[in-house]
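S.K.: Would you be able to build a 3D model of this:
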Amino acid sequence: MAKILLKQLKSLHQDFATMGLEIATALQQAAQAFRAKDQKLAQIVIDHDEKINEQEIYLEKKATQVIALQQPVSNDLRILITILKASSDLERIGDHVAKFAQAALKIPAEKKNSIIEDAITKMSQHDHQMLQKIIQAYIDNDESAAQEIAKSDLETDHYLRLIRQEAMSTMQNDPDFVSVGTEYVVVAAHLERIGDYVTNVAEWIVYTNSGKIVELGFH
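M.R.: Down below sits the predicted model:
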């Protein structure tokens with residue numbers, strides 16, 4: 001029984017990490033599509049979101065089956081609960097990545113604002129780093145790293161404020177910029193939410209180790 005459970009947990013760990021790394025790649029592609037206003041690449045990211053949804057459903061089903069059939073206790077049960085909860089957070093990150101890609105289809109190249117575009121690029125890069133690091137922290141079961149990653153979400157909040165300020169200022173001076181400025185703010189909000197969901201994953205890593213649900217948001 002113990003060997004079967006160990007094998008199933010290892011398989012679930014690998015599937016979870018694969019899902020997270022696929023989402024990280026999609027985020028990079030979405031950022032590239034946004035910068036270049038590459039509609040073809042944006043559509044690839046949007047279409048790939050369906051696969052991410054399927055991965056989350058598979059992980060949820062598999063983890064639930066293991067709980068029902070193996071009846072794990074203590075740390076093994078916490079690991080499975082973490083997979084259930086954190087895979088849901090990853091799926092939501094995937095949703096926001098797809099929305100980010102959709103913005104590449106909505107903002108005309110001739111209406112670009114270079115200050116905001118630069119901030120969005122840096123914000124998406126930071127999100128990508130956070131996502132890669134949290135997957136590694138999950139693989140390593142590194143509670144300390146998870147807490148540090150959660151703290152770094154403050155940077156996404158900083159970028160959100162900067163983008164909002166620049167968009168509002170430009171909209172006040174240029175009424176023709178209102179629709180584009182609004183879209184920029186929506187994009188920044190999606191990227192900020194990615195940081196929040198990475199923080200959620202960090203909280204589940206802490207839970208795996210301590211059995212306690214802690215709030216790691218630093219807003």
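S.K.: contacts, neighbours, all on C-alpha from now
M.R.: Noted.
S.K.: which element is the residue nearest to the spatial centre of the chain on?
M.R.: With distances taken as C-alpha atoms, centre = their mean, the residue of the chain nearest its centroid is I93 (3.4 Å). I93 belongs to helix 74-103 when assigned by DSSP states H and E.
S.K.: for that helix, packing partners?
M.R.: Under the contact criterion of 3 or more C-alpha pairs under 8 Å, 6 or more residues apart in numbering; DSSP states H and E, helix 74-103 touches helix 2-36, helix 39-70, helix 178-210.
S.K.: avg pLDDT for the last one?
M.R.: The average pLDDT for helix 178-210 rounds to 95.
S.K.: from the chain's centre, how far out does it sit?
M.R.: Relative to the chain's own centre, helix 178-210 is displaced by 6 Å; criterion: C-alpha atoms, centre = their mean, to the nearest Å.
S.K.: about what we covered before: test my guess that the residue nearest to the centre of the chain contacts E192.
M.R.: No - using C-alpha atoms under 8 Å, I93 is not in contact with E192, being 10.3 Å away.
S.K.: buried sites along the helix holding I93?
M.R.: By neighbour count with 16 or more other C-alpha atoms under 10 Å, helix 74-103 contains the buried residues 76-84, 86-103.
S.K.: try stretch 104-114
M.R.: Buried residues in stretch 104-114, defined by neighbour count with 16+ other C-alpha under 10 Å: 104-105, 107, 112-113.
S.K.: Looking at these, spot the one nearest Q29.
M.R.: When the buried residues of stretch 104-114 are compared for distance to Q29 (C-alpha to C-alpha), A104 comes out closest, at 11.0 Å.
S.K.: Tell me how many other residues crowd the residue lying closest to that closest one once chain neighbours are set aside.
M.R.: Using C-alpha to C-alpha, 6 or more residues apart in numbering and skipping the chain neighbours, the partner closest in space to A104 is F34 (4.4 Å). Residues contacting F34 under the criterion other C-alpha atoms under 10 Å number 26.
S.K.: Tell me who's in contact with F34.
M.R.: Applying C-alpha atoms under 8 Å, 6 or more residues apart in numbering to F34 gives the contacts 42, 100-101, 103-104.
S.K.: Please report how far it lies from T121.
M.R.: Distance of F34 to T121, computed by C-alpha to C-alpha, to the nearest Å: 9 Å.
S.K.: what does L154 give?
M.R.: Distance from L154 to T121, counting by C-alpha to C-alpha: 16 Å.
S.K.: Equivalent analysis for E50, please.
M.R.: 25 Å.
S.K.: can you list the weak-confidence ranges in this structure?
M.R.: For the chain, the stretches flagged by pLDDT under 70 are 1, 217-219.
S.K.: For the residue nearest to Y138 when sequence neighbours are not counted, give me its contacts.
M.R.: With C-alpha to C-alpha, 6+ apart as the criterion, Y138 has its nearest non-adjacent residue at 6.4 Å, and that residue is I205. Contact partners of I205, counting by C-alpha under 8 Å, 6+ apart, are 82, 137-138, 141-143, 146.
S.K.: Pull the contacting residues for A167.
M.R.: A167 makes contact with 116, 181-182, 184-185, according to C-alpha under 8 Å, 6+ apart.
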